[in-house]
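1. Coordinates only, no sequence provided:
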């Protein structure tokens, strides 16, 4: 809950009056989050409830269909934007480089400095020939509506990284990180509910609070799943904590 509040506060505090903020209630298994989403927050904040957990990918598209601006931003609920000017910098990068399908803000430990970097007065952009993480991503709404709006990936927690990469590659377009504007990813810190992150990435097949509660009482994790989490950016300390939690349950 404190993570979500930090994310919302940062989004409000680092964007201007011409920005609308849309929250999608994907029915996470926490009553305090439901209570928070039910309260009025800010004149620029709208909360949409699809009535069930659509999953991250489809939830993003649910919100995008409502967005009124020329540019759309996908922002995860555990990302804190550390400075002002990130929206104008992302927008300017898309205008300066028409071959960009979308631009994203990086977080540690994402590796940058691997590919061609260009610098402008207000930002520094690294162009990636590969897929990139999309915790904070901006694209043109017209481009999204024409080529990206149909969700092709299946699964509750299908991610946009692979799908958007495939579509943009098919269009002959590039992707990039605004390496001048890194964000803070609280989902990879001690503030996060460690096992909820694992649940979302590896196991989520149901949608209810009861499913999550039952799963966390007896979960196991394979070496392949452990490696997959590491690839998603979980630091070594948190991965070791996951092992400890699993061992406690196995010892019961």
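-> Structure received. Note that the coordinates shown come from a computational prediction; the quantities given were computed from them, not determined experimentally. Numbering: from 1, shown residues only.
2. what's residue 173 in contact with, if anything?
-> Applying CB atoms under 8 Å, 6 or more residues apart in numbering to residue 173 gives the contacts 99-101. Backbone N, C-alpha and C define where each C-beta goes, glycine included.
3. mind listing the strands for the stretch 51-200 of the chain?
-> 71-75, 79-80, 100-104, 117-119, 124-128, 136-140, 174-178, 184-185 (DSSP state E, counting those that start in this stretch).
4. Go through the ones you listed and name the closest to residue 5.
-> Proximity to residue 5, assessed across the strands of the stretch 51-200 of the chain by CB to CB, is greatest for strand 79-80 (10.5 Å).
5. Residues touching the closest one, excluding its own?
-> Contact with strand 79-80 is made by 6-7, 10, 107, 135-136, 183-187, as judged by CB under 8 Å, 6+ apart.
6. Relative to residue 226, which of those is nearest.
-> residue 187 (17.2 Å).
7. Without its sequence neighbours, what residue ends up closest to that closest one?
-> residue 78 (3.6 Å; CB to CB, 6 or more residues apart in numbering).
8. Which residues are in contact with the one you found?
-> 3-4, 7, 185-187, 192 are the contacts of residue 78 under CB under 8 Å, 6+ apart.
9. Max pairwise distance over those residues: which two?
-> Greatest spatial distance among the contacts of residue 78 (CB to CB): 4 and 185, at 13.7 Å.
10. More neighbours: which of the two?
-> Neighbours per residue, other CB atoms under 10 Å: of residue 4 and residue 185, the larger number sits with residue 185, 21 against 18.
11. The more buried one pairs with what?
-> Residue 185 forms beta bridges with residue 79, as assigned by DSSP bridges.
12. for residue 10, what are its contacts?
-> Taking CB under 8 Å, 6+ apart as the test, what residue 10 contacts is 79-82.
13. go with 7 Å
-> Residues near residue 10 by CB atoms under 7 Å, 6 or more residues apart in numbering: 80-81.
14. Do you know the pLDDT at it?
-> What the model reports as pLDDT for residue 10 is 94.
15. Quick one: name whatever helix or strand follows the strand or helix carrying residue 4.
-> In this structure, residue 4 sits in helix 2-13 according to DSSP states H and E. Sequence order places strand 21-24 as the next helix or strand after helix 2-13, per DSSP H and E.
16. so what strands line up beside that following strand?
-> When DSSP bridges is applied, strand 21-24 pairs with strand 45-48 (parallel).
17. I would like the residues contacting the strand it pairs with, please.
-> 12, 20-25, 37, 62-63, 66.
18. Now the residue nearest to residue 187. Its backbone dihedrals?
-> phi -130, psi 20 (degrees, to the nearest 10).
19. Check the spacing between it and residue 176 real quick.
-> 22 Å (CB to CB, to the nearest Å).
20. Endpoints of stretch 108-120, how far apart?
-> 23 Å (CA to CA, to the nearest Å).
21. Identify each buried residue in it, please.
-> By 16 or more other CB atoms under 10 Å, the buried positions in stretch 108-120 come out as residue 110.
22. before we move on, what about stretch 18-26?
-> 21-26.
23. Same check on stretch 122-141?
-> 123-128, 131-141.
24. quick check, nearest of the contacts of strand 79-80 to residue 71?
-> residue 136 (12.7 Å).
25. ok, now which ones touch the closest residue to the closest one other than its chain neighbours?
-> Leaving aside its chain neighbours, residue 136 sits nearest to residue 105 (4.2 Å; criterion: CB to CB, 6+ apart). Counting by CB under 7 Å, 6+ apart, residue 105 makes contact with 86, 136, 178, 181-183.
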